[in-house]
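Visitor: Starting from these lines, generate the structure:
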Amino acid sequence: MRDHHKQYSSPDHLTIRVAHRDDPVSQVTELDAFRSGQRYPDIVVRGPLFGCAVQTPGDRPRWRLLGELDAGYPQDARDELNSYLWYYAKDRAGDHRERRRLLDGVARLEKKRIDELTVGRDRYRVVRADEFARIGDGALEPPRATDHPEDDHWDLEKKNPPSDAEGFVVDHAAEVQLTNGLERLALRENVYRSERFPADVLADSRRALHTHPGLVLLPPAFRVLEREPESWSMFLAKQFPTPQAARRGLVHHLTRSVPMVREIPGLESEYSERDVEVFAKAAERFMRQRGANELRARGRTFHIVRVERMMRIGPDGPEPPRPSDQDHQEPTKIHPTMDEWGNLSYDD
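Guide: Predicted coordinates:
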């Protein structure tokens with residue numbers, strides 16, 4: 001029977017296991033996802049984001065994300081991996097031999113565009129995922145009621161909670177609820193189609209259907225977008241881990257960043273004194289509304305938007321950067337030189 005199972009079962013990167021959960025939280029989350037899917041049935045793909053993943057002997061064949069997966073370019077993610085290995089060598093290496101192995105990886109990342117390397121028994125990879133938002137009747141999906149309701153404070157000085165993507169285990173065959181499984185099936189054949197994409201980008205997108213035919217949805221994140229007359233634009237470049245963190249980010253920018261920029265000597269600001277006053281009052285009104293996702297001020301409209309990321313999976317794990325992904329930055333030395341005993345040198 002065991003051999004029969006191996007012969008006829010699907011490989012992990014093609015298997016989607018759906019499990020029904022009876023607990024109240026799961027049922028409410030499923031209902032929320034179902035209703036959102038009806039109201040926002042289409043998607044708008046923004047483009048790729050990059051991050052780092054590790055596969056350890058205990059995790060295989062699964063991979064685990066090392067960070068938030070929000071880098072705009074592959075080299076940004078390589079630099080994140082560079083820093084991860086350097087600090088691991090500095091603070092957590094078990095002995096000088098392990099530190100030497102980690103620093104050898106750092107040295108390689110300082111000189112070459114490397115998307116995968118092995119350090120000891122661990123495999124590290126730069127990975128990509130496409131960010132998208134759901135849309136219906138011209139409106140982008142706002143946060144759902146079940147998205148982190150526990151984070152509801154307005155303390156702008158308090159550190160945001162960690163991202164759900166950090167430490168996320170990329171396991172295509174892990175059990176998921178019905179809506180997640182259906183969404184993955186619906187998105188699995190998704191490719192770039194717009195004429196605005198160059199031919200090599202379109203070709204790489206089609207090729208990925210065969211090289212990495214599986215698909216995993218990462219935990220959602222949240223952004224602050226501005227509604228333009230015919231489109232949407234990114235108002236804050238940062239990705240936020242919760243809806244309330246995005247709201248705090250918007251308030252912080254309007255009430256602290258905007259006035260601070262105006263006070264920098266010799267720097268011409270796009271904002272007037274009147275802008276500062278109006279933004280401050282609009283932010284006060286915004287904070288008095290529990291769970292508000294829209295702020296209007298000075299003829300501008302800002303929205304808190306829920307975004308998702310789909311990661312393609314192949315027989316050997318998550319998809320790395322594609323040849324057509326924009327990758328113009330060069331590797332560089334980021335940290336001081338460290339020897340295998342942990343001594344730092346600042347001379348070079």
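Visitor: Check which element follows the worst-scoring helix or strand of the chain on mean pLDDT along the chain.
Guide: None of the helices or strands of the chain scores lower by mean pLDDT, DSSP states H and E than helix 2-8, at a mean of 44. Downstream of helix 2-8, the first helix or strand assigned by DSSP states H and E is strand 17-18.
Visitor: what pairs with that next one, and is each one parallel or antiparallel?
Guide: strand 175-176 (parallel) (DSSP bridges).
Visitor: What lies in contact with the strand it pairs with?
Guide: With C-beta atoms under 8 Å, 6 or more residues apart in numbering as the test, strand 175-176 has contacts from Ile16, Arg17, Val18, Ala19, Arg184. Using the backbone N, CA and C atoms, a C-beta is placed for each residue, glycine as well.
Visitor: And stretch 71-89, by the same measure?
Guide: Stretch 71-89 is contacted by residues 49-52, 66-67, 98-99, 102-103, 105-106, 109-110, 113-115, 119, 124, 126-128, 321, 325-332, 334-335, 338, 342 when judged by C-beta under 8 Å, 6+ apart.
Visitor: which of those residues count as buried?
Guide: 49-52, 66-67, 98-99, 102-103, 105-106, 109-110, 114-115, 119, 124, 126-128, 321, 325, 327, 331, 335, 338 (16 or more other C-beta atoms under 10 Å).
Visitor: For the lengthiest helix in the chain, buried residues please.
Guide: Looking across the chain with DSSP state H, the single longest helix is helix 74-91. Across helix 74-91, burial judged by 16+ other C-beta under 10 Å covers 74-86, 88-90.
Visitor: could I have it exported to PDB, CA atoms only?
Guide: Extracted in PDB, the C-alpha atoms of helix 74-91 (Å, rounded to 0.1, in the frame of the first residue of the first chain):
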ATOM      1  CA  PRO A  74      16.800  41.000  -6.400                       C
ATOM      2  CA  GLN A  75      19.900  42.700  -5.200                       C
ATOM      3  CA  ASP A  76      18.100  44.300  -2.300                       C
ATOM      4  CA  ALA A  77      17.200  40.700  -1.200                       C
ATOM      5  CA  ARG A  78      20.800  39.500  -1.700                       C
ATOM      6  CA  ASP A  79      21.900  42.400   0.500                       C
ATOM      7  CA  GLU A  80      19.400  41.200   3.100                       C
ATOM      8  CA  LEU A  81      20.900  37.800   3.000                       C
ATOM      9  CA  ASN A  82      24.400  39.200   3.200                       C
ATOM     10  CA  SER A  83      23.400  41.000   6.400                       C
ATOM     11  CA  TYR A  84      21.600  38.000   7.800                       C
ATOM     12  CA  LEU A  85      24.700  35.800   7.400                       C
ATOM     13  CA  TRP A  86      27.000  38.500   8.800                       C
ATOM     14  CA  TYR A  87      24.900  39.000  11.900                       C
ATOM     15  CA  TYR A  88      24.500  35.300  12.300                       C
ATOM     16  CA  ALA A  89      28.300  35.000  12.200                       C
ATOM     17  CA  LYS A  90      28.700  37.800  14.700                       C
ATOM     18  CA  ASP A  91      26.100  36.900  17.300                       C
END
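Visitor: In strands, which of the contacts of stretch 71-89 fall?
Guide: Here DSSP state E is the test, and the contacts of stretch 71-89 give Leu49, Phe50, Gly51, Cys52, Val119, Tyr124, Val126, Val127, Arg128, Met338 as lying in strands.
Visitor: Glu183 falls within a helix, correct?
Guide: Yes. Glu183 sits within a helix when classified using DSSP: H, G, I helix; E, B strand; the rest coil.
Visitor: how far away is the closest residue to it other than its chain neighbours from Lys333?
Guide: Using C-beta to C-beta, 6 or more residues apart in numbering and skipping residues adjacent in sequence, the residue nearest Glu183 is Leu217, 6.3 Å away. In this view, Leu217 and Lys333 are 36 Å apart by C-beta to C-beta, to the nearest Å.
Visitor: measure the residue nearest to Glu183 to Asn190 for me?
Guide: 12 Å.
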